[in-house]
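Student: A structural model of the following input is requested.
(chains A and B)
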Amino acid sequence: MALVVPGPRPAKRVTVKRKRGAFTPLLLLAPALLWLGVFFVLPTISLASQSLQSGSTSSGYTFTWEFSNYADAVVRYWPQFLRSFGFALLATLITLLLGYPLAWFIAHRSGKFKTILLVLVVAPFFTNFLIRTLAWKIILSNEGLVSTVFRDTGITSLLQMVGLLSTDTLLGSPFAVVAGLAYNFLPFMVLPLYASLERLDLRLVEAASDLYANGWQSFWKVIWPLSLPGVVSGTLLTFIPAAGDYINARLLGNIQTSMIGQVIDGQFLTVMDYPLAAALSFILMGTIIVLVGLYIRSAGTEELV
Amino acid sequence: MSNQNSFGSNPFDGSLSKAALSRRTVFAGLAGIGAVGLLSACGTPGTNASAAKTPAYATDLSATEKVVNWSNWQAYMDTAGSKFPTLDTFAKQTGIKVNYTEDYNDNDTFYAKMKPVLEAKQDTGRDLWCSTDWMVARLISLGYVLPLDKVNIPNAANLEPSLANAACDPGRVYSLPWQSYFAGIGYNPHMTNGTAVTSMDQLLHDTSLKGKVTLLSEMRDTVGLVLMEQGKKLDSFTADDFAGAIAALQAAVDSGQIKQFTGNEYMGMLEKNEIAACVAWSGDVISMRADYPFMGYTLPEKGFTRSTDNLVIPAMAQHKTNAEKLINYYYDPEVMAKVAVDNYIGPVVGTKAIWEKTDPTVAKNELVFPSDETSARSQVFRTLTADEETSFSQQFQALTLG
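Tutor: The predicted structure is shown next:
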């Protein structure tokens, strides 16, 4: 990705002699290209084909340019699409709010504990994704600490007001799904933010305060713009997988919180309507690409890189 | 992104762009044609493809390799610590080692995993597994399971007569039952103020249960119970009947009565007072009652579903004879009585007499040894055609995913 801040440019361009080494870059690229070809391009083509097939489970599916699969997918499952993007967006904002101070602390305030803290950020990866999400069922259960504290402090009623809770139980609610997503994808936010913030020259902040900038101003005018590449890659790494996730919604949600990943899973495995499932996958992929494209444009990272 | 800046000022841009463009266009065109070709080359064979109907056999290695590879559901076998005593006894008696794996989590997922292998007529690495009735019907129609050689299974004569002529496998040519269970209504009296939940009508409409009800994500059990509540028979209902049941369920979902559609996660929710009542499997209720003896369970008056998980031998199994010997071993009532049948309804005649001697309370449990009267009220969901299956599961999925 072009989102990482490049190091200082070399002062002089080194001219490479291209006599012998003409094929070297190609050779170096070959394993990655082969990998992408076999495991990404071919499956994508097969999926594209499947999304344009028609037929039934009994007679089999044949390729007929059946574009109505796409219309069908949108008409039937647009609420799940909208919900998925909504949940993913919320989860991304939460991880950003939690991750930014954490990344700043690790980068500039943790001293000799830096490595330990970074390991701790990554530590959840050593446990299976499914197990971690199942643990949230216990954390949010009715008699659990979180439920009690939320009820006693009125957070429960607050969440009910904003529509993230419909009853007084935390499990099986939009709140639980968003919380699960935010928890599971937090490391993907923290690590790129850390990489960006760690590189930030603290003397710039000093300079800002020398020029009578207050804390907020030096954050908003100096730190935030310089950390944008980290923010952009962090939000993308969180948003994209969160939009397609189906484990959190399945384990922590209810009927009204189902996400598009669950629909695709069900269409492929239970209903076995492969064309519809493939069309749903393509719409998800296309929408994400468009959203991400717009986002990168409006974030204006090209001036920063 | 940064492309515009870095390439926009390229001095060669003007002179080279035409040539590059045309070459690029040609490549793009070629790639496009290739892609279309590839697109239309793909296709998915249907389940009615006649070529698939005769199962493929592998050479039986039973005589030389004394093993059986068995995939089963969890908690479906007698245990002692980390061991399975009846499997060990079998190994001692016959010299055949059983590689027992509990990797059959649900029918759809397991089928999705095995289908490509079976389709390609390859060995699945398994000689025996347990599929639910409707899945057995599908496996048979596709030629994915092998007929059992009853010569190797003389104990098959002990099969409970009521199970001998199942709709999914008439005459039990390909399968023999492992365990059966009912789906009825479970409830936590602490959450219902002591009132019993006795019918699907009450479960779907009683406002005191609002938002505290779960239904099973297993279509045949949830929709089956509603169909019977509406006075339909599970062996003869029509597509319209099915749609009517879905409509009733949709109304309950829309009213906020239903919290979730679950697999057996409902157990934890019922125990932790997160739900008040649910559609529940009899075997789960029995195991819950070990710790929560107060849990209520109703087999609705208007009927309830009965499902059976059946032993089948997949096509291309390498140790078919050994697998049949293993089935024969478990069809001995003495052995079947030792399996975890205090949770499930065993298929072998004579098991009850043994339990009467060892633990009369189990022998009296209607959920383990149902009386003829109880059995008569239970119904089995009829076998669906492939097209019905697609249409019904499409409707059910639209329901469960709000």
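Student: residue contacts, residue 235?
Tutor: Chain wasn't specified; assuming chain A. By CB atoms under 8 Å, 6 or more residues apart in numbering or on different chains, residue A:235 lies in contact with A:92, A:96, A:189, A:295. The way it works is simple: take the backbone N, C-alpha and C, and place the C-beta from them, glycine included.
Student: nope, chain B please
Tutor: Applying CB under 8 Å, 6+ apart, we find residue B:235 in contact with B:167, B:379-380, B:382.
Student: residue B:294: how many residues sit nearby?
Tutor: Counted with other CB atoms under 10 Å in any protein chain shown, the neighbours of residue B:294 add up to 10.
Student: one step back: buried ones among the contacts of residue B:235?
Tutor: B:379-380, B:382 (16 or more other CB atoms under 10 Å in any protein chain shown).
Student: closest one of the residues you listed to chain A?
Tutor: Ranked by distance to chain A (CB to the nearest CB), the buried ones among the contacts of residue B:235 are led by residue B:382 at 16.7 Å.
Student: I figured that closest one hits residue B:167, correct?
Tutor: Yes: the pair residue B:382 and residue B:167 qualifies as a contact (CB atoms under 8 Å) at a distance of 6.2 Å.
Student: re the thing from before, narrow the contacts of residue A:235 to just the buried residues.
Tutor: So, by 16+ other CB under 10 Å, the buried ones in the contacts of residue A:235 are A:92, A:96, A:189.
Student: need the contacts of residue B:235 in CSV with distance to residue A:253, can you?
Tutor: As requested, those are arranged in CSV below (distance: CB to CB, whole Å):
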residue, distance to residue A:253
B:167, 36
B:379, 32
B:380, 32
B:382, 32
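Student: now, the most widely separated pair of these?
Tutor: Spatially, the most separated pair among these is B:167 and B:379, at 10.8 Å (CB to CB).
Student: and residue 177, which helix or strand is it part of?
Tutor: This is for chain A. Using DSSP states H and E, residue A:177 sits in helix A:174-199.
Student: let's do chain B instead
Tutor: Residue B:177 belongs to strand B:175-187 when assigned by DSSP H and E.
Student: distance of the closest residue to residue B:345 other than its chain neighbours from residue B:295?
Tutor: Nearest in space to residue B:345, with sequence neighbours left out and distances taken as CB to CB, 6 or more residues apart in numbering or on different chains, is residue B:180 at 4.2 Å. Using CB to CB, to the nearest Å, we find residue B:180 at a distance of 21 Å from residue B:295.
Student: which one's more surrounded, those two?
Tutor: residue B:180 (24 against 21).
Student: residue nearest the centroid of the chain?
Tutor: In the absence of a named chain, this looks at chain A. Geometric centre of chain A, nearest residue: residue A:238, 2.0 Å, by CA atoms, centre = their mean.
Student: let me rephrase: I mean chain B.
Tutor: residue B:107 (3.6 Å).
Student: give me phi/psi at the residue of chain A found nearest chain B?
Tutor: Proximity of chain A to chain B (CB to the nearest CB) peaks at residue A:60, 2.9 Å away. Backbone geometry at residue A:60, expressed as degrees, to the nearest 10, gives phi 90, psi 170.
Student: between the contacts of residue B:235, which is closest to residue B:344?
Tutor: Closest approach to residue B:344 among the contacts of residue B:235 (CB to CB): residue B:380, at 15.7 Å.
Student: could you report the neighbour count for residue A:251?
Tutor: Neighbours of residue A:251 under the rule other CB under 10 Å: 19.
Student: quickly find the element holding it.
Tutor: Under the criterion of DSSP H and E, residue A:251 resides in helix A:247-252.
Student: is any residue of the following helix or strand past that helix near chain B?
Tutor: Later in the chain than helix A:247-252, the nearest helix or strand by DSSP H and E is helix A:260-266. Yes: under the criterion of CB under 8 Å from any CB of the partner chain, helix A:260-266 makes contact with chain B via A:262-263, A:266.
Student: ok, then the element right after helix A:260-266?
Tutor: Scanning forward in sequence from helix A:260-266 by DSSP H and E, the next helix or strand is helix A:274-299.
Student: so what secondary structure elements neighbour that next one?
Tutor: helix A:42-51, strand A:53-56, helix A:68-108, helix A:224-244, helix A:260-266 (3 or more CB pairs under 8 Å, 6 or more residues apart in numbering or on different chains; DSSP states H and E).
Student: where in the stretch 201-350 of chain B is pLDDT low?
Tutor: B:340-341 (pLDDT under 70).
Student: and the helices in it?
Tutor: Taking DSSP state H, counting those that start in this stretch to define them, one finds helices in the stretch 201-350 of chain B at B:219-229, B:239-254, B:266-271, B:282-291, B:320-330, B:333-336.
Student: what's around residue 59, how many residues?
Tutor: You didn't pick a chain, so chain A it is. Residues lying near residue A:59 (other CB under 10 Å) number 15.
Student: not quite, go with chain B.
Tutor: Residues lying near residue B:59 (other CB under 10 Å) number 8.
Student: so residue A:156 is in which element?
Tutor: Counting by DSSP H and E, residue A:156 is part of helix A:155-161.
Student: could you pull up the residues touching residue B:56?
Tutor: Counted by CB under 8 Å, 6+ apart, residue B:56 has contacts B:121, B:143, B:315-316.
Student: how about CSV for those, with distance to chain A and neighbour count added?
Tutor: Below are the contacts of residue B:56 laid out as CSV (distance: CB to the nearest CB, whole Å; neighbours: other CB atoms under 10 Å in any protein chain shown):
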residue, distance to chain A, neighbour count
B:121, 17, 15
B:143, 15, 18
B:315, 19, 25
B:316, 22, 23
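Student: may I ask which two of those are separated the most?
Tutor: Spanning the widest gap among the contacts of residue B:56 are B:143 and B:316, at 10.9 Å by CB to CB.
Student: burial count for the residue in the stretch 301-402 of chain B that chain A sits nearest to?
Tutor: Nearest to chain A in the stretch 301-402 of chain B, going by CB to the nearest CB, is residue B:386, at a distance of 3.3 Å. By other CB under 10 Å, 18 other residues sit near residue B:386.
Student: nothing else from me, thank you.
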